[in-house]
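S.K.: Provide a 3D model corresponding to the input given below.
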Amino acid sequence: MLLWFLQLSTAFSFDAFDAWEKITPRATLAAGTSFMVAVLLGPRWIAWLRRHFREPIKSDSPDILRLHHDKQATPTMGGLFVIAGLLASVLVFGDLYNSYVSTAIFVAVGLTLVGAIDDLVKIRSTAKGISAFHKLAAQVVVAGIAAILLYRQQAAIPDGLLMRLPFVEGSFSLGLWFIPLAIVVITGASNAVNLTDGLDGLAGGCLIAATVAMTALTYAAGHAEWAAYLGVPRIPHAGEMTVLAGGMVGGVLGFLWFNCHPAQVFMGNTGALPLGGLLGVLALVARQELLLVIVAVVFVVAAGSVFVQIGYYKWRRRRLLRCAPLHHHFQLLGWAENQIVVRFWIASALCALLGAASLKFGVTGENPILGGGGVNIADSNNVIQEPRVARMPAKEFR
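M.R.: I've put the predicted structure just below:
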């Protein structure tokens, strides 16, 4: 909406608005908007959720039921106002003609619906939600459509289907294998965030660290000079995803305002599934799927601990961990909930930094931006210009 207005203004020579067409101001505004939507409307949303959607604590572990007894009937499905703030900020400040943005919106809406249905079944019945098979099938359908859309967009770009190997200077083309990989990344990230969402503020704080790192990588991929400097695939128009990611970070920050211990509201699958899926979309657009494993290692470990626990029990008929996912294991070891959450946040932030720093590992040669001799202030070629959305002819708005 803002871009439409700014591009319309070119017909009247309002060049003072040119700076607002750039990505970083709009991403900042998107983050601020989604944060304010969450914080200002949060109390009313929570009051409404308290009347209609309260979280029933269901677990196979008597110890977890005991530890989480005080959380019984806490309002859930708080992801609704996170996604609402995110979508509002993107609709106002994003480029809705950008195919990456429209694909990401589809993933957000689709996985929100899947999560909402799962939460409603859990609340309204004695079941723990819809069956794992049906939930996974619905996620795969959403991810599959998004994967096909992304493939069509990436296949038209020279570096669009490259798989970059972290820590080494190497890559290879995926071809049609991009589609199944995209399905795995979106579905896997969605479920990993969902499995991590077990303690107050845990998933939200870790999401912010991982999203900030992936946002920087996505912006770099869309910027010709930075892509060359960092040795990452050049993906034209990928930088617009920075606006969506900004809205995502702001919305999660606003949600943490109410979700920190003791939580006033839970995210629920309504929020965890779409936010995880969007994290996967950011990695796919930036062509950094393998780096996502490093950046989001807390989510990977949480999800992996569940599979290890199940596999070990089937093999040895005993549990390797006291409880899975991993954060519950530490809880049963006697760690305080805030202690676990903050330490996982620290681990997530460190891994996000490691993932971002790894871009320069294995990249050799001169800096294509600064050259071999450093910055020459007098050389205008050394100035990094931020990309703007291409102007549309004014007559299209008449």
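
S.K.: what residues are up against residue 237?
M.R.: Counting by CB atoms under 8 Å, 6 or more residues apart in numbering, residue 237 makes contact with 98-100, 222. Every C-beta, even on glycine, is put in place using the N, C-alpha and C of the backbone.

S.K.: top of those residues by neighbour count?
M.R.: In terms of neighbours by other CB atoms under 10 Å, the contacts of residue 237 top out with residue 100 at 25 neighbours.

S.K.: For the host helix or strand of that one, the averaged confidence score.
M.R.: Element membership of residue 100, judged by DSSP states H and E, is helix 99-124. Helix 99-124 shows a mean pLDDT of 93.

S.K.: Mind listing what's buried along the following helix or strand past that helix?
M.R.: With elements assigned by DSSP H and E, the helix or strand that comes after helix 99-124 is helix 132-154. Neighbour counts over helix 132-154 (16 or more other CB atoms under 10 Å) mark 135, 138-139, 142-144, 146-147, 149-151, 153-154 as buried.

S.K.: Make TSV from these and add pLDDT and distance to residue 328 to it.
M.R.: Shown next, in TSV, are the buried residues of helix 132-154 (pLDDT from 0 to 100; distance: CB to CB, whole Å):
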residue	pLDDT	distance to residue 328
135	94	20
138	96	26
139	97	23
142	97	28
143	97	27
144	97	32
146	97	31
147	96	32
149	95	37
150	95	34
151	95	38
153	92	40
154	92	38
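
S.K.: Would you mind giving the residues you listed as JSON lines with distance to residue 88 added?
M.R.: As requested, these are exported to JSON lines (distance: CB to CB, whole Å):
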{"residue": "135", "distance to residue 88": "27"}
{"residue": "138", "distance to residue 88": "25"}
{"residue": "139", "distance to residue 88": "24"}
{"residue": "142", "distance to residue 88": "21"}
{"residue": "143", "distance to residue 88": "24"}
{"residue": "144", "distance to residue 88": "27"}
{"residue": "146", "distance to residue 88": "21"}
{"residue": "147", "distance to residue 88": "26"}
{"residue": "149", "distance to residue 88": "23"}
{"residue": "150", "distance to residue 88": "24"}
{"residue": "151", "distance to residue 88": "29"}
{"residue": "153", "distance to residue 88": "25"}
{"residue": "154", "distance to residue 88": "28"}
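
S.K.: Name the nearest of those residues relative to residue 313.
M.R.: Closest approach to residue 313 among these (CB to CB): residue 135, at 21.9 Å.

S.K.: Name the nearest residue to that closest one, ignoring sequence neighbours.
M.R.: For residue 135, ignoring the flanking residues on the chain, the nearest one in space by CB to CB, 6 or more residues apart in numbering is residue 118 at 5.7 Å.

S.K.: do residue 201 as well
M.R.: Among residues not flanking residue 201 along the chain, residue 260 sits closest, at 4.7 Å (CB to CB, 6+ apart).

S.K.: Quick check, pLDDT for residue 129.
M.R.: Per-residue pLDDT puts residue 129 at 81.

S.K.: For it, give its distance to residue 178.
M.R.: Noted for residue 129: a distance of 31 Å to residue 178, by CB to CB, to the nearest Å.

S.K.: Of these two, which one has the most company?
M.R.: The neighbour comparison of residue 129 against residue 178 (other CB under 10 Å) goes to residue 178, with 23 against 18.

S.K.: secondary structure element for the more buried one?
M.R.: Secondary structure assignment for residue 178, by DSSP H and E: helix 178-196.

S.K.: Around residue 41, count how many other residues there are.
M.R.: Residues lying near residue 41 (other CB under 10 Å) number 14.

S.K.: Can you classify it by secondary structure?
M.R.: Under DSSP: H, G, I helix; E, B strand; the rest coil, residue 41 falls in the helix class.

S.K.: cool, residue 172 as well?
M.R.: Following three-state DSSP, we place residue 172 in the strand state.

S.K.: Sticking with the nearest residue to it once chain neighbours are set aside, tell me its helix or strand.
M.R.: Leaving aside its chain neighbours, residue 172 sits nearest to residue 163 (5.6 Å; criterion: CB to CB, 6+ apart). Residue 163 is located in strand 162-164, with elements delineated by DSSP H and E.

S.K.: ok so, going back, tell me the gap between the helix holding residue 100 and the middle of its chain.
M.R.: Between the centre of helix 99-124 and the centre of its host chain there is 14 Å, according to CA atoms, centre = their mean, to the nearest Å.

S.K.: same check, this time on stretch 91-111
M.R.: Its chain's C-alpha centre and that of stretch 91-111 lie 13 Å apart, by CA atoms, centre = their mean.

S.K.: Enumerate residues external to it that contact any of its residues.
M.R.: With CB under 8 Å, 6+ apart as the contact definition, stretch 91-111 has outside contacts at 1-3, 26-27, 29-30, 33, 83, 86-87, 90, 139, 141-143, 145-146, 149-150, 153, 186, 190, 237-238, 240-241, 243-244, 247, 273-274, 276-278, 281, 285, 389.

S.K.: Quick one: buried ones out of those?
M.R.: Burial by neighbour count, 16+ other CB under 10 Å: within these this picks out 2-3, 26-27, 29-30, 33, 83, 86-87, 90, 139, 142-143, 146, 149-150, 153, 186, 190, 237-238, 240-241, 243-244, 247, 273-274, 276-278, 281, 285, 389.

S.K.: Just the pLDDT for residue 376.
M.R.: Value for residue 376, per-residue pLDDT: 39.

S.K.: how big is the angle separating the helix or strand containing residue 314 from helix 178-196?
M.R.: Assigning secondary structure by DSSP H and E places residue 314 in helix 297-316. Angle, helix 297-316 to helix 178-196, by axes from the mean of the first three to the mean of the last three CA atoms, to 10 degrees: 90 degrees.

S.K.: in stretch 39-55, what counts as buried?
M.R.: The neighbour-count criterion (16+ other CB under 10 Å) identifies 39, 42, 45-46, 49, 53, 55 as the buried residues of stretch 39-55.

S.K.: make that stretch 322-342, sorry
M.R.: 323-331, 337, 340-341.

S.K.: cool, and stretch 305-317?
M.R.: Residues 305-306, 309 are the ones in stretch 305-317 that count as buried (16+ other CB under 10 Å).
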